[in-house]
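A.B. asks: predicted coordinates and the sequence they were generated for:
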Amino acid sequence: MHINQTTITVPTYSSLHGFTLSCSTFLSLASLSLLISLSLYYYITYRAFTIFWPTLEMAKITRINPWHTLLVGVALLLAALCDVSAAAVEEERRGTYIVHMAKSEMPERFEDHTHWYDSSLRSVSGSAEMLYTYTNVVHGFSTRLTPEEARVMETRPGILSVLPEMKYELHTTRTPTFLGLDQNAAMFPESDSMSEVIVGVLDTGVWPESPSFDDAGLGSVPGSWRGECETGTNFTKSNCNKKLIGARYFARGYEATLGPIDESTESKSARDDDGHGTHTSSTAAGSVVSGASLLGYAPGTARGMAPRARVAVYKVCWKGGCFSSDILAAMDKAIDDGVNVLSLSLGGGMSDFYRDSVAIGAFAAMEKGILVSCSAGNAGPSSYSLSNVAPWITTVGAGTLDRDFPAFVSLGNGKNYSGVSLFKGDLLPGKFLPFVYAGNVSNVTNGNLCMTGTLVPEKVAGKIVLCDRGINPRVQKGSVVKAAGGAGMILTNTAANGEELVADAHLLPATAVGEKTGQELKAYLFSDSNPTATILFEGTKLGIEPSPVVAAFSSRGPNSITPEILKPDLIAPGVNILAGWSGAVGPTGLAEDNRRVGFNIISGTSMSCPHVSGLAALLKSAHPEWSPAAIRSALMTTAYTAYKNGKVIQDVSTGKPSTPFDHGSGHVDPVSALNPGLVYDLDTDDYLNFLCALNYTSAQINSLARRNFSCGANKAYSVNDLNYPSFALSLEAQTGGSTGSSESSTGSTVVKHTRTLTNVGPPGTYKVSITTSSDSVKISVEPGSLTFSEANEKKPYTVTFSAAASKPSNTNEFGRIEWSDGKHVVGSPVAISWT
């Protein structure tokens, strides 16, 4: 029994405080008390009988000992309680760990690696069970261990690492027209080749009844498909068809941490009760649906980026989050099932690649020729806020469309301000209503945020309330105002969100405005003795300029793990995106929202990621021989960074031109990507050399790449040699508190990068052009022209960066290197940072 770790609180007679005893100590004291009690019992009994009944034999009397029996029973009960309590405490201390094994070190006595895994686990824990065994993404398994058991496990033969579970979070139509897909449909492959491509989506599941998964006109399921449609709560095999060809769910890691799924509120199956997964999967590869809209907003034909591609759904996210053991298991199965593209609109904390489950799974997928597209995160506009930055992952930020949903604020002083809203319902009366600031009609200090229960109904009833954005969901603020009797809400951004406007399907008449407008509204509220306002809804408006702009929430570089790899890779539409939705939840996701819609409009890099996933599927169908790196290169090098008027894509958080740390290579342009001319290709060996350049140990490389690989002792490795389609330099900043751009006393810095271009177009000669934002770093390329005479021909070149002066920390400079044959432009962004 492990009884030494359990404690019992014993109240004292003198106070309400207590002290704690370990079970072993308590049982020792109880045993001593039992011994003393039995000794006293026998002594008193002996004295009594020898005095009063000397003729009675003691042996007969001592058979009658109820106190003896009672005391023994109490002691046994205490022991049992301690044992149960100790087991419960030990279970509470257990956490989920992913155990990485060196498969090549399996002893010969084991016929199968799973038997070896089980034996290794049994050597440190007699009660732990394996949650999953992994074959493709990891050589190893996941299980529940105490911290002590995990440390012991890590010392066992053949164990590479024992990593704790990580929790990931979701990074929560007009798009095809905006991207030029409708006008250039003839340029893309015929439906037969497109329908052979399978897009796997790891998310919250799928609502199979959505018209976005109608399989009309599709032929037989591709012969390469090896997956299945798993049954579960509210989900049967018949829910799959020739469009939605696979559906699985993974919950063992989730349940091991948070307990059994409550099937009365959440389907323990691939069914989507949240909406997020249905939205992302239909964005990537949803079928064509005419007459789509959200409550009349954004009306038209909805279609995914690859509408003829097949969809396979892997539910890994639940109400309590997405857990790495489940994510790895899903990626493991997806590789077995035969997907061609994997889309993951989720992310977690930043960590080294050999500790990052998504990076580990994506490496295995890349080796199998599967492109992995991930969301960059919604932590912008802060620097160093990216997720999913491994170079074998395509990392996608978010931009806007040229579509908006205006809802204007009109004040009693005659001034009008623009906002956005997706409200549909009874409008405000055709008159001005009393206008109040939430902070002035609340009973708490943070009442300005309109959090649950913070507004005073007597001060809110019949009025329009101004709420500040932050902390709780935007739509919940409107629900709070409505519950307090408010007639409407105006939601103002704070400095964290600037002028970015995100539309929501509020439960009451409401609109969202930018920070500057919010400040003017507050000035009016605080200066006018009788402030009034109303809200006017204008529906859907197209042709918004400028567009796209980088969304404020879109996570930004530099890359905190490997600054020499520029991330994000590119941006795609991620603001106010219309796509399929779950029938289990309303458009706001709030419990009190009883509306049900077939399509919803939401925002996030979660929405931009599946755009790129679907476009990658299009390119895969057109060029089935292309590697994941070639497909990503085509998307990156053809992305655009400026509007038609020549101005650089704007960053909505600042109102200024965006940079490669915001937009990566630029905004995706699928029509140009179909015929990029040249690509930067990469294979597994290139990535292994990259890991050597990071000074990873053999064990760390084995954990990530599942093979014995030793970096050559006499070989020089450089991160700068990875054949990536972009360039990033991290230079040493000035020291000693210097400011400005004065020259550093350390002299000039010279950095060389090597690259190789592969011809995927007709023969031709490409000439290089270089642009920079300043002369502080000189960029030269050698040779200055590359001639290709045949397809798949490769030509190397070297870029030399010469920085004559150091700069203060956090200074950034940017540039661009382009190769062109007069028809194709193969562009690469350059980002230079002083840190």
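C.D. replies: Good, I have the coordinates. Predicted, not measured: the structure shown is a model, and the values here were computed from it.

A.B. asks: pull the distance from the one helix or strand residue 519 maps to to the chain's centre.
C.D. replies: Element membership of residue 519, judged by DSSP states H and E, is helix 515-527. Relative to the chain's own centre, helix 515-527 is displaced by 36 Å; criterion: C-alpha atoms, centre = their mean, to the nearest Å.

A.B. asks: which elements pack onto it?
C.D. replies: Other helices and strands packing on helix 515-527, by 3 or more C-beta pairs under 8 Å, 6 or more residues apart in numbering; DSSP states H and E, are strand 407-411, strand 416-417, strand 433-437, strand 464-468, strand 488-492. The way it works is simple: take the backbone N, C-alpha and C, and place the C-beta from them, glycine included.

A.B. asks: next SSE after that helix?
C.D. replies: Following helix 515-527 toward the C-terminus (DSSP H and E): strand 532-537.

A.B. asks: now render the helices and strands packed on helix 515-527 as CSV, adding distance to residue 325.
C.D. replies: Formatted as CSV, these follow (distance: least, C-beta to C-beta, whole Å):
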stretch, distance to residue 325
strand 407-411, 44
strand 416-417, 49
strand 433-437, 47
strand 464-468, 39
strand 488-492, 38
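
A.B. asks: as TSV, those with mean neighbour count would be great.
C.D. replies: Shown next, in TSV, are the helices and strands packed on helix 515-527 (neighbours: other C-beta atoms under 10 Å):
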stretch	mean neighbour count
strand 407-411	20
strand 416-417	14
strand 433-437	20
strand 464-468	27
strand 488-492	27
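
A.B. asks: would you mind giving those strands as TSV with mean pLDDT added?
C.D. replies: Listed next are the helices and strands packed on helix 515-527 as TSV, based on pLDDT from 0 to 100:
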stretch	mean pLDDT
strand 407-411	96
strand 416-417	96
strand 433-437	97
strand 464-468	97
strand 488-492	97
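
A.B. asks: what residues are up against residue 694?
C.D. replies: Taking C-beta atoms under 8 Å, 6 or more residues apart in numbering as the criterion, residue 694 is in contact with 562, 719.

A.B. asks: what about it, distance to residue 170?
C.D. replies: Residue 694 sits 29 Å away from residue 170, going by C-beta to C-beta, to the nearest Å.

A.B. asks: so residue 387 touches residue 375, yeah?
C.D. replies: Yes. Contact criterion C-beta atoms under 8 Å: residue 387 and residue 375 qualify, at 7.1 Å.

A.B. asks: who's more crowded, these two?
C.D. replies: The residue with more neighbours, out of residue 387 and residue 375, is residue 375; 33 against 26, by other C-beta atoms under 10 Å.

A.B. asks: can you read off the pLDDT for that one?
C.D. replies: Note on residue 375: pLDDT of 96.

A.B. asks: and if you look at the one 10 residues further on?
C.D. replies: pLDDT, the model's per-residue confidence, is 94 for residue 385.

A.B. asks: now residue 776
C.D. replies: Reported pLDDT for residue 776: 87.

A.B. asks: please shift the residue numbers so they start at 9 in all later answers.
C.D. replies: I'll keep to 9 as the first residue from here, and by that count the last item is residue 784.

A.B. asks: now do the contacts for it.
C.D. replies: 749, 811-813, 815, 821 are the contacts of residue 784 under C-beta under 8 Å, 6+ apart.

A.B. asks: do that again at 7 Å, thanks
C.D. replies: Applying C-beta atoms under 7 Å, 6 or more residues apart in numbering to residue 784 gives the contacts 749, 811, 813, 815, 821.

A.B. asks: most surrounded residue in those residues?
C.D. replies: The residue in the contacts of residue 784 with the most neighbours, by other C-beta under 10 Å, is residue 815 (26 neighbours).

A.B. asks: next up, the contacts around it.
C.D. replies: 741-742, 749, 784, 842.

A.B. asks: ok so it is a strand residue?
C.D. replies: No. Read with DSSP: H, G, I helix; E, B strand; the rest coil, residue 815 is coil and lies in no strand.

A.B. asks: quick one: it from residue 313, how far?
C.D. replies: For residue 815, the distance to residue 313 equals 41 Å [C-beta to C-beta].

A.B. asks: how many neighbours does residue 274 have?
C.D. replies: A total of 19 residues lie near residue 274 under the criterion other C-beta under 10 Å.

A.B. asks: now it: how far from residue 243?
C.D. replies: For residue 274, the distance to residue 243 equals 12 Å [C-beta to C-beta].

A.B. asks: and for residue 423, the neighbour number?
C.D. replies: Using other C-beta under 10 Å, residue 423 has 13 other residues around it.
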